[in-house]
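A.B. asks: Structure for this input, please:
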Amino acid sequence: MIDRVLIDSLNLKSRDFAVKWKNLLRNDPRLVHYQAMEDDALIEAGKSIFPLLSKTLDRGMDHSRIGDYFVELGKHRLHSGFTVSEVLFGLNFAQKVVIEYITTEFAPENPMRMYQSLGALTNVSEFFLLGTLYVIRGFLEETYMKMSEHDKVELEVFRKYFKDDLFFKKSDELDNLGN
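C.D. replies: Numbers count the residues shown, from 1 in each chain. Below is the predicted model:
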């Protein structure tokens, strides 16, 4: 069971978490696209993940809800010029913010919370691991769509490099490329 205080904090303090996330991003010069964003835009871009994590901790792992969010995030970031590695590094920083909160502000208050935080940390890790998977799927799906629409790539090339077509709702989408 996850403590309500943690669930509510992730939801109600999402902007505070996003500010901490932004600060971590600002301290890493390798994150070129994030560095180019204004502070307010960066905070806005980061704060929606924490209420989703809150819902996930409260209601359990809903792969559909998590998948929809992160696939769209991957597509959006690809359109904005981000590399997949930069987005995944950004997710790592969001996870770090949550883990830091749990281990420094939430858990030390009492032994029961310390015990509960162990389960929460496992769920947080699973959430961000699923997020990574779905961000990659969003990037792959959008790359696939761009290549099929704009680059006139042969069907054999798609079959060679896009073996994992799990991100499509219909199994025959790859076959329809030649039409």
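
A.B. asks: Could you use CA atoms for every contact and neighbour count after this?
C.D. replies: Noted.

A.B. asks: in this protein, which spans are helices?
C.D. replies: For the chain, the helices defined by DSSP state H occupy 4-12, 14-26, 32-35, 39-47, 49-59, 63-79, 84-101, 111-150, 155-161.

A.B. asks: remind me which residues of the protein are low pLDDT?
C.D. replies: 1, 164-179 (pLDDT under 70).

A.B. asks: Reformat the helices of the chain as a markdown table; add mean neighbour count.
C.D. replies: Shown next, in a markdown table, are those (neighbours: other Cα atoms under 10 Å):
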| stretch | mean neighbour count |
| --- | --- |
| helix 4-12 | 17 |
| helix 14-26 | 20 |
| helix 32-35 | 16 |
| helix 39-47 | 17 |
| helix 49-59 | 19 |
| helix 63-79 | 18 |
| helix 84-101 | 18 |
| helix 111-150 | 18 |
| helix 155-161 | 11 |
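
A.B. asks: Which residue, other than its chain neighbours, is closest to the residue nearest the centre of the chain?
C.D. replies: Central residue of the chain (Cα atoms, centre = their mean): Gly131, 4.1 Å from the mean position. Among residues not flanking Gly131 along the chain, Phe70 sits closest, at 5.6 Å (Cα to Cα, 6 or more residues apart in numbering).

A.B. asks: now do Ile102
C.D. replies: Ile102's closest residue in space is Ser117 (Cα to Cα, 6+ apart), at 6.6 Å.

A.B. asks: separation between that neighbour and Val5?
C.D. replies: Using Cα to Cα, to the nearest Å, one gets 11 Å for the distance from Ser117 to Val5.

A.B. asks: Kindly report the same for Gln35.
C.D. replies: 32 Å.

A.B. asks: Then Leu52?
C.D. replies: 15 Å.

A.B. asks: Next: Thr132.
C.D. replies: Distance of Thr132 to Val5, given as Cα to Cα: 26 Å.

A.B. asks: Over to Lys152?
C.D. replies: In this view, Lys152 and Val5 are 53 Å apart by Cα to Cα.

A.B. asks: same deal with Ile99?
C.D. replies: From Ile99 to Val5 the distance is 15 Å (Cα to Cα).

A.B. asks: And Val124, by the same measure?
C.D. replies: 15 Å.

A.B. asks: Ok, Pro111 next?
C.D. replies: Taking Cα to Cα, one finds Pro111 at 15 Å from Val5.

A.B. asks: And for Ile49?
C.D. replies: Applying Cα to Cα, the value for Ile49 to Val5 is 17 Å.

A.B. asks: wouldn't Leu10 be in contact with Phe50 here?
C.D. replies: Yes. Leu10 sits in contact with Phe50 when judged by Cα atoms under 8 Å, with a separation of 5.4 Å.

A.B. asks: For those two, list the residues in contact with both.
C.D. replies: Each of Phe17 lies in contact with both Leu10 and Phe50 under the rule Cα atoms under 8 Å, 6 or more residues apart in numbering.
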